[in-house]
Each structure stands twice: as C-alpha cells, then as structure tokens.
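*Asks:* Show me how the following folds:
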Amino acid sequence: MNAPTPSPGARAFRTSSYSQSEAACVEVADGATGAAVRDTRHRHLGSLAFGAGEWQAFLDTAKTDL
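*Replies:* As a prediction, this is how the structure comes out:
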C-alpha cells in the first residue's frame with residue numbers, strides 16, 4: 001500500500017537538471033522522513049511518499065546500476 005500524499009505546499013518539488021523541458025519526467029521532494037515523487041505532467045494526481053530507508057535503498061541501487 002502506498003503512503004499518503006503529503007499535503008499541498010508541504011514540500012518543495014524539484015525536477016532533475018537532466019530533464020528536458022518537453023520530456024516526460026518525475027519531480028522529487030526531500031523531507032525529514034523520506035521523499036515524495038510525482039509525475040511532472042500529472043501533478044494534480046498527487047505523489048507517492050517513501051520512507052527514508054526505502055528512498056536511500058533506491059538511490060543506492062540507482063547509483064550502482066548506472
């Protein structure tokens with residue numbers, strides 16, 4: 001089950017500097033207890049929240065699989 005979406009304005013989302021203005025991408029917001037991810041084209045649908053451990057595991061895997 002997905003964690004609840006953070007309330008609007010609770011987090012500052014950012015887009016990767018590697019993203020192109022017309023490309024489909026996601027935005028990430030860091031928080032004290034983890035991170036939230038949302039679709040740039042469908043922001044109105046909310047975001048998925050991940051705990052700090054889950055988010056760190058994702059980042060570690062992404063870095064080693066490049």
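*Asks:* ok, how many other residues are close to Gly53?
*Replies:* 9 (other CB atoms under 10 Å). Every C-beta, even on glycine, is put in place using the N, C-alpha and C of the backbone.
*Asks:* Can you classify it by secondary structure?
*Replies:* helix (DSSP: H, G, I helix; E, B strand; the rest coil).
*Asks:* Tell me the bridge partners for the residue lying closest to it once chain neighbours are set aside.
*Replies:* Distances taken as CB to CB, 6 or more residues apart in numbering place Gly34 nearest to Gly53, at 8.0 Å, with adjacent residues excluded. Bridge pairing for Gly34 (DSSP bridges) gives the partners Gly31, Gly51.
*Asks:* ok now do Gly34, which residues does it touch?
*Replies:* By CB atoms under 8 Å, 6 or more residues apart in numbering, the contact list for Gly34 reads Ala49, Phe50, Gly51, Ala52, Gly53, Glu54, Trp55.
*Asks:* Pull up the per-residue confidence for it.
*Replies:* The model reports Gly34 with a pLDDT of 94.
*Asks:* And for the one 4 residues further on?
*Replies:* Turning to Arg38, the model gives it a pLDDT of 92.
*Asks:* Can you report how many residues lie near it?
*Replies:* 21.
*Asks:* for Ala52, same thing?
*Replies:* 13.
*Asks:* Can you tell me the closest non-neighbouring residue to it?
*Replies:* Here the residue nearest Ala52, using CB to CB, 6+ apart, is Gly34, at 4.6 Å.
*Asks:* if I look at the one you found, how far off is Arg14?
*Replies:* Separation of Gly34 from Arg14 (CB to CB, to the nearest Å) stands at 15 Å.
*Asks:* And Asp30, by the same measure?
*Replies:* Taken as CB to CB, the span from Asp30 to Arg14 is 8 Å.
*Asks:* Could you check which of the two has the larger neighbour count?
*Replies:* Per other CB under 10 Å, whichever of Asp30 and Arg14 has more neighbours is Asp30, with 14 against 10.
*Asks:* Return the residues in contact with the closest residue to Thr15 other than its chain neighbours.
*Replies:* Nearest residue to Thr15, sequence neighbours excluded (CB to CB, 6+ apart): Glu27, at 5.1 Å. Glu27 makes contact with Phe13, Arg14, Thr15, Val37, Arg38, Asp39, Thr40, Arg43 under the criterion CB under 8 Å, 6+ apart.
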